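Novice: Using only what follows, build the 3D model:
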Amino acid sequence: MPISERAVPRSLAALNRLIAAAPPMVTGGTRAVLGEGPLRPRLAFVGEQPGDQEDLQGRPFVGPAGQLLDRAMREAGIERRQTYVTNAVKHFKFEPRGQRRLHARPTAGEVKRYRWWLERELDFVRPKLVVALGATAALALAGKTMPVAANRGHLLTLAGRPAFITIHPSFLLRMPEEDRAPAWKAFTADLKQAHALSAAL
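Specialist: You can find the predicted model right below:
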């Protein structure tokens, strides 16, 4: 049980202090990477977990996947500074390989342990539409498995919130080069659709 459940925060700043003070609930995590952006935005993006660069810099979506997300946002007409970005799991789960720290996907149980924090965070941020980037984020928002392929590109209601599911930008980084162009086009189309939906809510 996160310590925040025993001391309910009254603001996002108070919640962030609790998250920052709590020990990691995944293997390898060193410090919490908190969400970033304005309150009451049209869009909030939820990813899986911080990566190596996010852990080092203490900010969400600043590594290779984050740079790809920034580029996709620009193509979709979305200004990052007007959106809120965060992760379902607040610490970087990794396995050491020599000098490298290799990303390890959080388990469903680990996602569940962090879910209370994410729910309170979104309660304070109050976005019009929450965009789940990948299956882990969708699981965290819904509290159950939500396959990306079956739910992608639709306006959904997850845990009482308007939501939209698409791929995580890291998926594009792992794809063979020859498959990236159509996948990139589909991803930016998803972001354009989410942006339009948020304007109508």
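Novice: ok, the nearest residue to Met175 once chain neighbours are set aside - contacts?
Specialist: Using C-beta to C-beta, 6 or more residues apart in numbering and skipping residues adjacent in sequence, the residue nearest Met175 is Ala183, 5.9 Å away. (Each C-beta comes from the backbone N, C-alpha and C, glycine too.) Counting by C-beta atoms under 8 Å, 6 or more residues apart in numbering, Ala183 makes contact with 167, 171-172, 175.
Novice: Closest one of those residues to Arg71?
Specialist: Nearest to Arg71, judged by C-beta to C-beta, of the contacts of Ala183 is Leu172 at 10.3 Å.
Novice: And the helices in this protein, which stretches?
Specialist: 12-21, 52-57, 64-76, 108-125, 135-142, 148-151, 169-174, 177-200 (DSSP state H).
Novice: surely Leu158 meets Val130?
Specialist: Yes - contact criterion C-beta atoms under 8 Å: Leu158 and Val130 qualify, at 7.3 Å.
Novice: between these two, what contacts are shared?
Specialist: Leu141.
Novice: Those two: who's more crowded?
Specialist: A count of neighbours by other C-beta atoms under 10 Å puts Val130 above the other of Leu158 and Val130, at 26 against 21.
Novice: Would you quantify the distance from the more buried one to Arg174?
Specialist: Using C-beta to C-beta, to the nearest Å, Val130 is found at 24 Å from Arg174.
Novice: same thing with Phe45?
Specialist: According to C-beta to C-beta, Phe45 and Arg174 sit 19 Å apart.
Novice: before we move on, what about Gly160?
Specialist: With C-beta to C-beta as the criterion, Gly160 and Arg174 are 33 Å apart.
Novice: Then Pro64?
Specialist: Pro64 is 11 Å from Arg174, where distance means C-beta to C-beta.
Novice: what stretches of this protein score poorly on pLDDT?
Specialist: Counting by pLDDT under 70, the chain shows low-confidence ranges at 1-6.
Novice: If we use 50, what do you get?
Specialist: 1-4 (pLDDT under 50).
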